[in-house]
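Visitor: sharing a model that was predicted from the sequence below.
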Amino acid sequence: MTVPTTTKHEFTTRVLPAISVQLEFASPLENDGFAATGADQQWIEESKKQLQQNNCVGIPTETVYGLAANALSEQAVHAIYRAKSRPSDNPLIVHVSSVQMLRSLYHLPETATSLFPGTDNAASEGHGKQASQEDWPEIPQVYHQVIRKFWPGPLTLVMPRPMCIPMAVLGGHGDTVAFRFPDHPVARAVISASNLPLAAPSANASGRPSPTTAAHVLHDLDGLLPLIVDGGPCDVGVESTVLDAYSANAYVDGQLTPCILRPGGITYEQLKTLGGVWENTRVYKKHFTSSELETNPTTPGMKYRHYAPSVPVHVLIPAVNVKGHDAMQKRVDELALDGCQKIGLVAVKRADQEFKFVEPNKCQLELRWVDNAKHLAHCIFGLLRELDESENVDAIIIEGVDEADEGMAVMNRLAKAATFQIKA
């Protein structure tokens, strides 16, 4: 494992707005052609130019902002690792703008570096060919149902590696690639306009909280990429769910038993409602563990500490019949005695409980309330950044939530961000 480094201010980073544009796609799933109307269209041609030159571009998605580059080019992929100072054995997710684009990758030679129109690559079988939703021979059959239900959207699928995807995307190991079809119209348009599959981890410095605004990306990566496309705040707020129903990890005693490798925008409960094989879906580190996955992860977010601000994070693990706010106040008092002069709090509102936190002597509290687990998922990364970078607190205390629905993804992220986990 190596951690690439880069020189600061390699680029003069531009931020181009994409908020006032209207985008209409030819097909919700199969075809990625689109028409753009309204203002703020400069980003389309500029992002296309930068990506086709194998540079990185910060783009909005419905989950978090991504640091996108040509997934067919080893040079471009290395640029991602370098800009983020990301460990080279931490795999990347590849983003496509249609099922048609995904299918085309399985017909490209190992040496392909583009899907540009007018090339022999673009005419390969599977690209430029319409297909019914039952006619996706390149895609494992088990995924057809989830694709029809949840794509485009915050769901990543582990699939066999197309020969054209360089091993650097896989972190240098394995034989699978994680693919996603994002639902954000700007992300989809960027991929479509460039006519490239895009490797795109979160657009933050490695280990920091994921970015949910263009300003977050600029804060971490200013000078390390030429362009950020500003599509406004992200809707979901946490990364995609990573689902494996293909590799050896998805089998138990020879039987297919799909597994969630990273909880995210599509919940465990939503997947189980599909019935059939999905009723037996497992969650990594909840229903099973794997030393091989720890050593050689097939998807990001599994091996290294992530999402951490620069100050200690104390996460309160909820417990039955325990008043979480009382436990938070106790930790506040302890930290104040230890010398903390400013503490950030993220607490969940209670309909049946009004609680007023008390500031200890010579200690200021910065309190942020959230409504529920879904609200916390939407704003947790932004709150971590605000309390750390703007309020300059000495420590952050976060009230955890039950691991149901969106709460599973929230607690997964908080566990990775936590310096201390406190049982209420």
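Guide: Great, that's in hand. On a predicted model such as this, the values are computed, not experimentally measured, just so you know.

Visitor: hang on, V77 packs against A69?
Guide: Yes. V77 is within contact range of A69, at 6.4 Å (criterion: Cβ atoms under 8 Å). (C-beta placed from N, C-alpha, C; glycine too.)

Visitor: for this protein, what spans make up the helices?
Guide: 42-52, 74-84, 99-105, 144-150, 185-194, 214-221, 268-272, 291-295, 324-337, 373-385, 406-417 (DSSP state H).

Visitor: list the buried residues of the longest one.
Guide: Within helix 324-337, the residues that qualify as buried by neighbour count (16 or more other Cβ atoms under 10 Å) are G324, H325, A327, M328, Q329, R331, V332, L335, A336.

Visitor: any chance of JSON lines for those, columns distance to D220 and pLDDT?
Guide: Formatted as JSON lines, the buried residues of helix 324-337 follow (distance: Cβ to Cβ, whole Å; pLDDT from 0 to 100):
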{"residue": "G324", "distance to D220": "31", "pLDDT": "83"}
{"residue": "H325", "distance to D220": "32", "pLDDT": "91"}
{"residue": "A327", "distance to D220": "32", "pLDDT": "91"}
{"residue": "M328", "distance to D220": "29", "pLDDT": "94"}
{"residue": "Q329", "distance to D220": "33", "pLDDT": "95"}
{"residue": "R331", "distance to D220": "29", "pLDDT": "96"}
{"residue": "V332", "distance to D220": "29", "pLDDT": "97"}
{"residue": "L335", "distance to D220": "27", "pLDDT": "97"}
{"residue": "A336", "distance to D220": "31", "pLDDT": "97"}
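
Visitor: what's the closest of those to F181?
Guide: G324 (37.6 Å; Cβ to Cβ).

Visitor: okay, and the beta partners of the nearest residue to the closest one once chain neighbours are set aside?
Guide: Nearest residue to G324, sequence neighbours excluded (Cβ to Cβ, 6 or more residues apart in numbering): E399, at 5.0 Å. Applying DSSP bridges to E399 gives these bridge partners: L316.

Visitor: give the contact list for E399.
Guide: L316, P318, G324, H325, M328, V346, A347, V348 (Cβ atoms under 8 Å, 6 or more residues apart in numbering).

Visitor: H287: which of those is nearest?
Guide: P318 (20.0 Å).

Visitor: so that closest one makes contact with A404?
Guide: No. Under the criterion of Cβ under 8 Å, P318 makes no contact with A404, lying 11.0 Å away.

Visitor: comparing the two, which shows the higher neighbour count?
Guide: More neighbours surround P318 than the other of P318 and A404, with 17 against 12 (other Cβ atoms under 10 Å).

Visitor: identify the residues contacting the closest residue to the more buried one other than its chain neighbours.
Guide: Spatial nearest neighbour of P318, excluding adjacent residues (Cβ to Cβ, 6+ apart): G400 at 5.1 Å. Counting by Cβ under 8 Å, 6+ apart, G400 makes contact with V315, L316, I317, P318, G324, V410, M411, L414.
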